[in-house]
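Q: got a structure for you, letters missing:
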């Protein structure tokens with residue numbers, strides 16, 4: 001059965017021309033103008049990319065620093081020991097540990113948004129794939145979340161760096177700010193994300209890479225954008 005939408009959503013959707021691809025600034029201004037809930041919604045972007053998601057050598061994964069931040073407070077678990085552990089805590093990590101943290105996660109603890117690990121800690125992290133993988137929290141060198149400089153990574157992600165990966169339908173999703181952000185700030189974050197995404201085009205990808213770009217608020221309708 002199709003999902004039943006609220007009256008507010010339906011009214012907002014009526015103001016969006018589904019046959020049109022809006023200029024990015026116009027599209028962002030539109031989603032900000034639509035009536036929404038009382039809380040400060042996230043602004044999300046979904047990009048359909050021209051890859052074969054069934055082929056692992058074409059999957060896209062990475063991270064990018066948004067110039068205007070995300071407006072979101074994230075909780076970070078860090079696998080590190082010794083000096084690196086102390087540096088990660090000083091940088092703002094919420095949970096830090098080695099074998100003890102791995103054991104806690106194996107037993108069901110997942111009250112964090114992302115994971116960062118120093119390379120020597122992958123001996124503990126490797127066995128957590130079944131827990132962290134389905135939640136998109138498994139650290140990866142491509143995403144900048146497996147690094148010897150865990151403190152710098154913590155600072156970057158706390159300051160507005162985001163991680164993203166291709167889903168099964170060859171789409172990439174990311175939060176680029178909050179509804180309360182200025183339109184120009186959301187545009188700056190969107191452009192930074194799309195510019196970085198273009199650099200990750202796999203050599204095997206054919207045809208148009210950014211096939212469709214849609215922005216929306218958490219509970220609002222999607223607005224397709226015209227991007228080159």
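A: Okay, I see it. The structure displayed is predicted, hence computed values, not measured ones.
Q: what kind of secondary structure is residue 45 in?
A: Using DSSP: H, G, I helix; E, B strand; the rest coil, the structure places residue 45 in strand.
Q: Am I right that it is in contact with residue 187?
A: No: the pair residue 45 / residue 187 is not scored as a contact, 11.2 Å apart, by C-beta atoms under 8 Å. Glycine gets a C-beta too; all of them are placed from N, C-alpha and C.
Q: can you give me the helices in the chain?
A: 7-13, 24-33, 82-91, 99-106, 122-125, 129-132, 150-159, 183-199 (DSSP state H).
Q: Reformat those as CSV; add distance to residue 59 and mean pLDDT.
A: Rendered in CSV, the data for the helices of the chain read as follows (distance: least, C-beta to C-beta, whole Å; pLDDT from 0 to 100):
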stretch, distance to residue 59, mean pLDDT
helix 7-13, 32, 87
helix 24-33, 26, 96
helix 82-91, 28, 97
helix 99-106, 24, 96
helix 122-125, 20, 95
helix 129-132, 16, 94
helix 150-159, 21, 95
helix 183-199, 13, 97
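Q: re the thing from before, the more surrounded of residue 45 and residue 187?
A: residue 45 (24 against 19; other C-beta atoms under 10 Å).
Q: who are the neighbours in contact with that one?
A: Residue 45 sits next to 173-174, 176, 190, 193-194, 213-215 when contact means C-beta atoms under 8 Å, 6 or more residues apart in numbering.
Q: mind running it again at 7 Å?
A: Neighbouring residues of residue 45 by C-beta atoms under 7 Å, 6 or more residues apart in numbering: 174, 176, 190, 193, 213, 215.
Q: What separation do you get for the fourth one and residue 156?
A: This points to residue 193. 15 Å (C-beta to C-beta, to the nearest Å).
Q: Of these two, which one has the most company?
A: residue 193 (22 against 18).
Q: The more buried one and residue 64 touch, don't they?
A: Yes: proximity of residue 193 to residue 64 meets the contact threshold set by C-beta atoms under 7 Å, at 5.9 Å.
Q: Could you pull up the residues touching the most centrally placed residue in the chain?
A: Per C-alpha atoms, centre = their mean, the C-alpha nearest to the average position across the chain is that of residue 174, at 3.7 Å. When contacts are counted by C-beta under 7 Å, 6+ apart, residue 174 touches 44-45, 162, 164, 193.
Q: can you redo those residues as JSON lines with distance to residue 18?
A: Below are the contacts of residue 174 laid out as JSON lines (distance: C-beta to C-beta, whole Å):
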{"residue": "44", "distance to residue 18": "18"}
{"residue": "45", "distance to residue 18": "17"}
{"residue": "162", "distance to residue 18": "28"}
{"residue": "164", "distance to residue 18": "25"}
{"residue": "193", "distance to residue 18": "23"}
